[in-house]
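J.: This is a predicted model, with the sequence first.
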Amino acid sequence: MRRNGIEVPGKTESRPVARRWLHNWNVREQRRLSFWKRLSPPQLFVGSFLALIALGTLGLKLLPGLYTGESLGWLDAVFTATSAVCVTGLIVVDTATHFTLGGQAFILLLIQLGGLGMITFTTVIIAALGRRLSLRQQALVPSSGDIIPDLDYRRLTRDVVLFTLALEAIGALLLYALWVPRFGWGGAAWPALFHSISAFCNAGFSTFSDSLIGFQAAPYTLAVIMALIVVGGIGFLVLEELYLRIRAGERGRIVRISLHSRLVLATTAVLIIGGWIPFTLFEWGVTFSGMPDWVRVLNGLFLSVTARTGGFNTIDYAEAAVNTNFLTMLLMFVGGSPGSTAGGLKTTTIALVALLAWSRFRGRTTVRLWDRTIPEESVQRAVGLTVVGVALVTAAILAYSTSEIGAVGHSDADRGFLAYTFEAVSAINTVGLSMGTTGELSPFGKWFTMLLMFLGRVGPMTFAAALALSAKPHTGKLRDAHEDVVIG
């Protein structure tokens, strides 16, 4: 039809065009949504960390004003971003001197996002897609799906963020009050905030070149750091249960603490005390020599707390006793608790394996604790995770020995084997402690360390689940014949 001499599409002509446009838009939206819906929770979880590492690397390379001198190369930028996002703390450059305040703030942002990402990223993404997941979908928090089956996941996300920000703010205020006499009113603010977030996220990054060695005789500072590490490492589920119990107690009601939370708290206490005494004795005449007795005892406690993914140090581990380094590796291997910012094999996993051994020693076929029987599936999962963890650490030690030491005799290797073994355990359990070998790694060693940190952060089982192709479940009624093998 024509209007004022101009050809204008009429209603009958414009409707097909609009319909085609709307149809094409709907097709594109359905494809986009179908892609996200095809992703499993482990794939979303692993993908979120990969994306954050990529963004962190680009930021370290492209953002201006991050460095006091020469900027990082691509390899070191990827390494630093991976260490920050995976809240590990291994560094190839000194965070205190190589980065400006803006650079340190960018690293702190990656630490915060990486720490919160263990739960919140996956929960928000899946909730936005309208899905319902068991608590961290078993692949993220093993065997926790039956603890609180009717949990509101949006409320969980909100509580995780609020708990984190509130506890980090309290820690920052306490550290600020303690550090004002040393750094002044203005100089204490940034280190207090940085160390509070880094400690709660169990990251181990520090704005001091010697980490916390300068605070060996500062009991209140070490107490605040230890409290943040422990609280950040016991898991948000435990924190929420304790919070709800306190609130219920104020109203005169009693709320039962779940078996999971009781096991986490008991195992954490046993590990801290069990490491405190040996560390104090091992280092009494070594790195603790010359200290007052109360400082030696205090630092022995700090070594026990920080070893399980805290990452801060008050001594030089390269100068520590051999048995101290070995015990540190054992505690690093255990790590924190499920659902926390900490890495490692997890306290509940080790506890279930120990309870299984004790049950078998007493001739029992089931694992019982506090008048409760733990499901066989959870026990077997703990055994499987332990086997995978030991295998990965063993493979990592072999890889470091091959790439960093080479085919040389033991006398020529000096202390290299112990140092790289320490590095391997620290990386895969996202601890961040080192005997000084991180900056000396070869390019292959750095890439391999990044892989270990990433696997330790997302979990090897979750990573395998993210790579696994979906397969049709076996619906047949037939099963293979039984045949036993000799054990022991």
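T.: Done, it's in.

J.: So which elements touch the helix ranked longest in the chain?
T.: With secondary structure taken from DSSP state H, the chain has its longest helix at helix 153-187. In terms of contacts (3 or more Cβ pairs under 8 Å, 6 or more residues apart in numbering; DSSP states H and E), helix 153-187 is packed against helix 101-117, helix 120-128, helix 189-200, helix 219-233, helix 236-250. No exception for glycine: its C-beta is placed from N, CA and C like everyone else's.

J.: what about the strands in this protein?
T.: Assignment of strands within the chain using DSSP state E yields the ranges 2-3, 6-7, 367-369, 372-374.

J.: Output the below-cut-off pLDDT ranges for the stretch 301-450 of the chain.
T.: Counting by pLDDT under 70, the stretch 301-450 of the chain has low-confidence residues at 406-415.

J.: so where do the helices sit in it?
T.: Ranges of helices in the stretch 301-450 of the chain, per DSSP state H, counting those that start in this stretch, are 322-334, 347-361, 376-400, 410-413, 416-428, 443-458.

J.: Please identify which of those helices is closest to Phe208.
T.: Among the helices of the stretch 301-450 of the chain, the nearest to Phe208 by Cβ to Cβ is helix 416-428 (19.1 Å).

J.: tell me which residues in that closest one are buried?
T.: Using 16 or more other Cβ atoms under 10 Å as the test for burial, helix 416-428 gives Gly416, Leu418, Ala419, Tyr420, Thr421, Phe422, Glu423, Ala424, Val425, Ser426, Ala427, Ile428.

J.: for the third one, what are its contacts?
T.: Read it as Ala419. Applying Cβ atoms under 8 Å, 6 or more residues apart in numbering, we find Ala419 in contact with Ala318, Met435, Gly436, Thr437.

J.: Can you lay out those residues as JSON lines showing neighbour count and distance to Thr449?
T.: As requested, the contacts of Ala419 are exported to JSON lines (neighbours: other Cβ atoms under 10 Å; distance: Cβ to Cβ, whole Å):
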{"residue": "Ala318", "neighbour count": "15", "distance to Thr449": "18"}
{"residue": "Met435", "neighbour count": "21", "distance to Thr449": "14"}
{"residue": "Gly436", "neighbour count": "13", "distance to Thr449": "14"}
{"residue": "Thr437", "neighbour count": "21", "distance to Thr449": "10"}
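
J.: quick revisit: which one of the buried residues of helix 416-428 is nearest Lys346?
T.: For the buried residues of helix 416-428, the closest approach to Lys346 (Cβ to Cβ) belongs to Ile428, at 13.2 Å.

J.: Hmm, Leu452 and the closest one touching each other?
T.: Yes. The pair Ile428 / Leu452 is scored as a contact, 4.3 Å apart, by Cβ atoms under 8 Å.

J.: so what sits against both of these two?
T.: Common neighbours of Ile428 and Leu452 (Cβ under 8 Å, 6+ apart) are Leu392, Ala396.

J.: picking that back up, reformat the contacts of Ala419 into TSV and put distance to Leu72 next to each item.
T.: Listed next are the contacts of Ala419 as TSV, based on distance: Cβ to Cβ, whole Å:
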residue	distance to Leu72
Ala318	24
Met435	23
Gly436	20
Thr437	19
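
J.: And the residues you listed, which is closest to Gly311?
T.: Scanning those for proximity to Gly311, where the rule is Cβ to Cβ, the winner is Met435, at 13.5 Å.

J.: and the closest one, what is it in contact with?
T.: By Cβ under 8 Å, 6+ apart, Met435 lies in contact with Tyr317, Ala318, Asn325, Arg415, Leu418, Ala419, Phe422, Glu423.

J.: Check Leu72 too.
T.: Leu60, Lys61, Thr80, Val93.

J.: any idea how far the closest residue to the second one other than its chain neighbours is from Leu62?
T.: Closest residue to Lys61 apart from its sequence neighbours, by Cβ to Cβ, 6 or more residues apart in numbering: Ala77 at 5.2 Å. As for Ala77, its distance to Leu62 is 10 Å (criterion: Cβ to Cβ, to the nearest Å).

J.: same check, this time on Gly103
T.: 13 Å.

J.: Of these two, which one has the most company?
T.: The neighbour count for Gly103 versus Leu62, taken as other Cβ atoms under 10 Å, is higher for Gly103 (21 against 10).

J.: residue contacts, that one?
T.: The contact partners of Gly103, by Cβ under 8 Å, 6+ apart, come to Leu60, Gly65, Leu66, Tyr67.

J.: With distance to Gly73 added, can I get those in JSON lines?
T.: Output for these, formatted as JSON lines (distance: Cβ to Cβ, whole Å):
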{"residue": "Leu60", "distance to Gly73": "10"}
{"residue": "Gly65", "distance to Gly73": "18"}
{"residue": "Leu66", "distance to Gly73": "14"}
{"residue": "Tyr67", "distance to Gly73": "12"}
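
J.: Out of those, give me the one that has the most neighbours.
T.: The residue in the contacts of Gly103 with the most neighbours, by other Cβ under 10 Å, is Leu60 (25 neighbours).

J.: Confirm for me that that one is in contact with Gln104.
T.: No. The criterion here is Cβ under 8 Å, and Leu60 misses it with Gln104 at 11.8 Å.

J.: Let me know the closest of the contacts of Gly103 to Gly47.
T.: Using Cβ to Cβ, the contacts of Gly103 come closest to Gly47 at Leu60, 20.4 Å.

J.: measure the nearest residue in space to Arg296 that is not next to it in sequence to Ile229 for me?
T.: In space, and not counting its chain neighbours, Arg296 is closest to Phe288: 4.2 Å by Cβ to Cβ, 6+ apart. Distance, Phe288 to Ile229, by Cβ to Cβ: 20 Å.

J.: Looking only at neighbour counts, state which of the two leads.
T.: Applying other Cβ under 10 Å to Phe288 and Ile229 shows that Ile229 carries more neighbours, namely 29 against 26.

J.: Gly204 is in contact with the more buried one, correct?
T.: No. The pair Ile229 / Gly204 is not scored as a contact, 9.3 Å apart, by Cβ under 8 Å.

J.: Tell me the spatial nearest neighbour of Ala351, not counting adjacent residues.
T.: The nearest residue in space to Ala351 (Cβ to Cβ, 6+ apart) is Thr267, at 4.6 Å.

J.: contacting residues for the one you found?
T.: Contact analysis of Thr267 by Cβ under 8 Å, 6+ apart lists Ser337, Thr347, Thr348, Ile350, Ala351.

J.: Could you dump those into CSV with neighbour count and distance to Leu113 added?
T.: Formatted as CSV, those follow (neighbours: other Cβ under 10 Å; distance: Cβ to Cβ, whole Å):
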residue, neighbour count, distance to Leu113
Ser337, 31, 21
Thr347, 27, 25
Thr348, 24, 26
Ile350, 21, 28
Ala351, 23, 30
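
J.: That concludes my questions; thank you for your assistance.
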